[in-house]
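Chemist: I'll drop the sequence and a predicted model, then ask my questions.
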Amino acid sequence: MPPVSLLIAIFFPVLGAALMPALGRRLGPRTGWVALAFAVVSASMVASFIPQAQDAHTHSWPWVPSLGLSLTFLVDGLAVFFGLVVSLMGVLVMLYGTFYLDDHYRDHGRFYSYLLLFMAAMLGTVFAGHLLLLFIFWELTGITSFLLIGFNHETDASRDGARMALLVTSLTGLVMLVGIVLLGQMAGTMELSELLANPPREATGLLNIVMLLVMVGAFGKSAQFPFHFWLPNAMAAPTPVSAYLHSATMVKLGVFLCGRLFPVFQQCEWWMPLLAIVSFGTMLLGAVMAFLAVDLKAMLAYSTVSQLGFLIGYYGMAPARGVDFDYLHILNHVFYKGSLFMVAGIVDHATGTRDIRAVGGLWRRAPLLAVIALIGCATMAGLPGTTGFLSKEYMLKEVFSAFTEHRILGWYALVAIVLTSFIKVAFSARVFHGVFFGPETEAVKHHFHKPPLGMLVPPLLLAAACLLLGLMPSFLGQSLATLEVTGLHNHAHGELHLWHGVTRELLASMALVAGGFLTYAIVYRIHLNDHKIPALLRWDVGFQRGLDGFGRLTKRVTRWLRSDSPLDYLPVMLATLTLVVGGALVRGVGASLFDGTWTLPDALRSMTAGLIIAAVLGVMLLRGWIPQLLCLSVAGFLVSFYYVLYRAPDLAMTQLLVETVTLILVLILLSRFPGSTEQEECLRPLGVGRRLLNVGLSLGVGVLMFTLVAVFSREPPANRVGDLILDRTVPLAAGSNAVNTTLVDFRGLDTLGEIAVLVITTLGCLGLLMRRKRTREEYRAGAKGPAGMGLEQAGLEDQA
Amino acid sequence: MIGPRSWIFQVVVRFAFFIINVFALYLLLRGHNQPGGGFIAGLASAAALILLSLAIGIEALHRLIRVDPVRMAAGGLLLALLSGAGPMLGGAAFLTQFNWHLHDLPLLGELHVGTPLVFDFGVYLVVIGICAKIIFVLVESTEGLPGLVVEEERRYSSPLEEPIEERPAAGKEMGRDAD
């Protein structure tokens, strides 16, 4: 199989993303079918790698050879497993989105464009074979996630959620970059295949720090404590996005990274305590918050946080010989959480609300939906016959064996897992019972419309997978075993079985299920259903306050440094300049400045200098802006005479023309001001002290400049660039005007940059000069829409 | 500008406008070997434009120059960029310049041509376009006219934004499950 199929798998969705906006305008809600086709092609390409996933293969294309960066992709079982999860979930989500984003939504093209781009970024991340490439794709997933969360950018919640997700994931990503660079330095390579084959063998201080830095990135992405708060706020995204990014794929990247770098970091002495303490803590916290939330999607989001905690902690507690059933736990979560999110979206779609208190009794109205949700919730609770049961059995088994090995950590993990499982059963019951049983609420009675059948297909498929694979554990175990990776996995683990006899895991599991149901029954009886999350746990609110406070702080600083009152900040800058440069000059040159002989220049130059001095005195002494401006201009023209004397005709000409044009422009500008401004009516009068300070500063800067010129002109520089250019202008640039050949040839790039800056500045000034800005509605109407001039309104009304 | 317009001034400027522009072109063409060049030529042309606007009034000038000067500037930038990017097709570095010395041309005799002239012409267009735009906007607004016509306002205006302090109080409840 040529590796071109890998490029197709990753970059074909990018092509689709480029096409979607144009298609979206034409096709509207049907754009999803085209996006689905792109996802299917990509998924089939990923699937074609299954047969060769036993061994690791590296495929490399050169990219930026000067940085030693190439498009290196590592194809092994872990990459193919995650690639399959990403691409197949992508197919299901595109299908689901086609029904979810109906005519009520706008910008279908944009939506699928972002979604395909995200899919490409995810595939790039999991297949990346170079740490820097992994980081680039990693951040790209964060950016596309930002765009997707903020898809309904008219609402505050979307914008805030998107900003929070971007800030948290990209800042932690930057910390991770530091870790990656350090890791590359330590190992001497950033190629993952070499790194995994020869991990740095020192388990001492530095590798611990590197591991910590990299794990901060993983914790941020996977919403682990203390970054857990962004994920529930990301639920402002449309539900297909939540099902895809924020439960099944992107948030699993942290888990993926732990798995990917497991052989490197497992030896660290901090690895186990860090991952176990943070992640199992997050797991318990997430479960508690999921039980307390009332928004259906927020409940699922907190439970995702909880499950991600378990997955990361699982890698943390794993022994050095390798992990056993991580794929099972990941896949189990993908199945049930994906299907439950889709169910939540359908409930939202059908009733118009996601508040669990505002829905109920959907059982009779949507029986198929209830069956899907039942399977999903049963899997979440870990009832027998589902993949959830398998996952829970093996999880308990490993924890029971682990807590004898690692004393305190083992106890901690055991307590956290038992409590979490218990709460999970309770809120699985709560989700299912709250939505599908109980009395029909107002929202259901008035708004309910039957979901389209096609919308039920993707969650149905996921639920069927939960059930069928749960009943065929040996088939599941064997398929997953083909994707196992040496170094990460323990190949010697046994097969999956449904029935082990009456073991302590089974008993514990039964006790947990019974306890969970009982708890929910009690909570439901005593109407504790209306509880809310205590303010102590609402870190997102605190984060938002911090952001607002930061905004106020920057505003205050900006006011203080604002550029429209130079009287406030210019003295500081000038004083600093005089003191620092002047001080250096006194220390460096000192009294030797007065050593040489001072001669007056010839008559012509002296006269010109005298005239310039007279003109400057005129600027200081004359009253009225126009005379002052004219004097300043005279000084400028006289300087150009100096250029003539020193035989620099180009400079002289430029100076003359610039002086002319600016003089006219400033004159035009001055005529804008009313006469009273000129009489300094508007200025507050300056005190004597301030005036003295200004005079002192002016004199200081003047003396400084004079001294600098005197120092620099005392002896000619040893190596003159000018001579070099003069020598080469004819042979190299075929022109005898050295100034012009410098401008267009030797330093052509500078000139190009300057004219680009000119154009950009002008455009910016034009925008600033606009007296009236357009309102959002007008702006959204596009370039051809009504301009913000009040004048036009009359014309519009006439037409209407 | 405000004030009575002199007929003599108008007639002189109408002539001078062309003379200055011819001189500007001369400066542009000789730039590679003699004092001159795109930047100076652009400034000279801009000075000619200013004179013309003083003579015949800004509105008449606006009617004369139908194309938006910013487009002219953008075109100049594009030209300079393309003249720099052209050599890349042949594998040369960005902004490589070529010169030819042609002998025995009919009518012209010897001629020295080169790609720097194209680049310089781009600079010329940028300078003249930007100066012209600034003149138009400033003069119009000092005469009490709107600085930009409605068509341009659509092009350059940005959407209205609320100042930060007018937003609702900070720390607003953001979650959906806090009630």
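Modeler: Sure thing, it's come through.
Chemist: what's the single longest helix in the chain?
Modeler: Answering for chain A, as no chain was given. Ranked by residue count and defined by DSSP state H, the top helix of chain A is helix A:156-187.
Chemist: my bad, chain B
Modeler: For chain B, the helix with the greatest residue count under DSSP H is helix B:116-142.
Chemist: picking up where we left off before, could you list the buried residues of the longest helix of chain A?
Modeler: If you call a residue buried by 16 or more other C-beta atoms under 10 Å in any protein chain shown, then helix A:156-187 has these buried ones: A:157-158, A:160-170, A:172-177, A:179-184, A:186-187. Quick note: C-beta positions are derived from backbone N, CA and C, even for glycine.
Chemist: Strands along the chain, start to end?
Modeler: Just going to use chain A. The residue ranges that make up the strands of chain A, judged by DSSP state E, are A:57-64, A:69-75.
Chemist: Sorry, I should have been clearer: chain B.
Modeler: In chain B, strands defined by DSSP E lie at B:99-105, B:109-114, listed in chain order.
Chemist: and A:P21, how many neighbours?
Modeler: Residue crowding around A:P21 was assessed by other C-beta atoms under 10 Å in any protein chain shown; the count is 16.
Chemist: which stretches of chain B form helices?
Modeler: Counting by DSSP H, chain B forms helices over residues B:7-30, B:38-56, B:58-64, B:69-89, B:116-142, B:150-156, given from the N-terminal end onward.
Chemist: For the first one, what is the distance to the chain centroid?
Modeler: A distance of 18 Å separates the centroid of the chain from that of helix B:7-30, by C-alpha atoms, centre = their mean, to the nearest Å.
Chemist: So which residues make contact with that helix?
Modeler: Counting by C-beta atoms under 8 Å, 6 or more residues apart in numbering or on different chains, the neighbours of helix B:7-30 from elsewhere in the structure are A:653, B:35-38, B:40-42, B:44-45, B:47-48, B:51-52, B:54-56, B:117, B:120-121, B:124.
Chemist: Kindly recompute the last result at 7 Å.
Modeler: Counting by C-beta atoms under 7 Å, 6 or more residues apart in numbering or on different chains, helix B:7-30 makes contact with B:36, B:38, B:40-41, B:44-45, B:47-48, B:51-52, B:55-56, B:120-121, B:124, all of which sit outside it.
Chemist: Run through those and flag the ones next to chain A.
Modeler: Of the entries in these, those that also sit close to chain A under the rule C-beta under 7 Å from any C-beta of the partner chain are B:I40, B:A44, B:A47, B:D120.
Chemist: Tell me the pLDDT of A:L409.
Modeler: Reported pLDDT at A:L409 in the predicted model: 80.
Chemist: Starting from B:D104, give me the distance back to it.
Modeler: Counting by C-beta to C-beta, to the nearest Å, the gap between A:L409 and B:D104 amounts to 92 Å.
Chemist: These two: which is more packed in?
Modeler: Set side by side, A:L409 and B:D104 give different neighbour counts by other C-beta under 10 Å, the larger being at A:L409 (18 against 8).
Chemist: Now do the same contact list for that one.
Modeler: Residues touching A:L409, when contacts are defined by C-beta under 7 Å, 6+ apart, comprise A:M272, A:P273, A:A276.
Chemist: quick check, nearest of those to chain B?
Modeler: Nearest to chain B out of the contacts of A:L409 is A:A276 (C-beta to the nearest C-beta; 29.2 Å).
Chemist: burial count for the closest one?
Modeler: 24.
Chemist: What pLDDT is listed against it?
Modeler: You'll see A:A276 listed with a pLDDT of 87.
Chemist: same deal with B:M72?
Modeler: On pLDDT, B:M72 comes in at 90.
Chemist: Hmm, it is touching B:G129, no?
Modeler: Yes - between B:M72 and B:G129 there is a contact under C-beta atoms under 7 Å: 3.6 Å.
Chemist: Looking at the two, which one has more neighbours?
Modeler: When neighbours are counted by other C-beta under 10 Å, B:G129 comes out ahead of the other of B:M72 and B:G129, with 27 against 18.
Chemist: and that one, what does it touch?
Modeler: Residues in contact with B:G129, defined by C-beta under 7 Å, 6+ apart, are B:P69, B:V70, B:M72, B:A73, B:G76.
Chemist: Including distance to chain A, could those go into a markdown table?
Modeler: Listed next are those as a markdown table, based on distance: C-beta to the nearest C-beta, whole Å:
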| residue | distance to chain A |
| --- | --- |
| B:P69 | 9 |
| B:V70 | 7 |
| B:M72 | 10 |
| B:A73 | 5 |
| B:G76 | 7 |
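Chemist: from the residues you listed, which is closest to A:V502?
Modeler: The shortest gap between A:V502 and any of those belongs to B:V70, at 82.8 Å (C-beta to C-beta).
Chemist: tally of neighbours for that closest one?
Modeler: A total of 20 residues lie near B:V70 under the criterion other C-beta under 10 Å.
Chemist: If we ignore the residues flanking it in sequence, what's nearest the residue nearest the centre of chain B?
Modeler: The centroid of chain B falls nearest to B:G129 when counting by C-alpha atoms, centre = their mean (1.2 Å). Leaving aside its sequence neighbours, B:G129 sits nearest to B:A73 (C-beta to C-beta, 6 or more residues apart in numbering or on different chains; 3.1 Å).
Chemist: show me which of the buried residues of helix A:156-187 neighbour chain B.
Modeler: Of the entries in the buried residues of helix A:156-187, the ones placed beside chain B under the rule of C-beta under 7 Å from any C-beta are A:A157, A:D160.
Chemist: can you list the residues of the stretch 151-300 of chain A near chain B?
Modeler: Counting by C-beta under 7 Å from any C-beta, the stretch 151-300 of chain A comes close to chain B at A:A157, A:D160, A:N233, A:A293, A:V294, A:D295, A:A298.
Chemist: For A:L693, state which of these is nearest.
Modeler: A:D160 (46.7 Å).
Chemist: Residue 47: what's it in contact with?
Modeler: Picking chain A for this. Contacts here follow C-beta under 7 Å, 6+ apart; on that basis A:A47 touches A:L84.
Chemist: nope, chain B please
Modeler: B:A47 makes contact with A:L657, A:T660, A:V661, B:I20, according to C-beta under 7 Å, 6+ apart.
Chemist: Sounds good, over and out.
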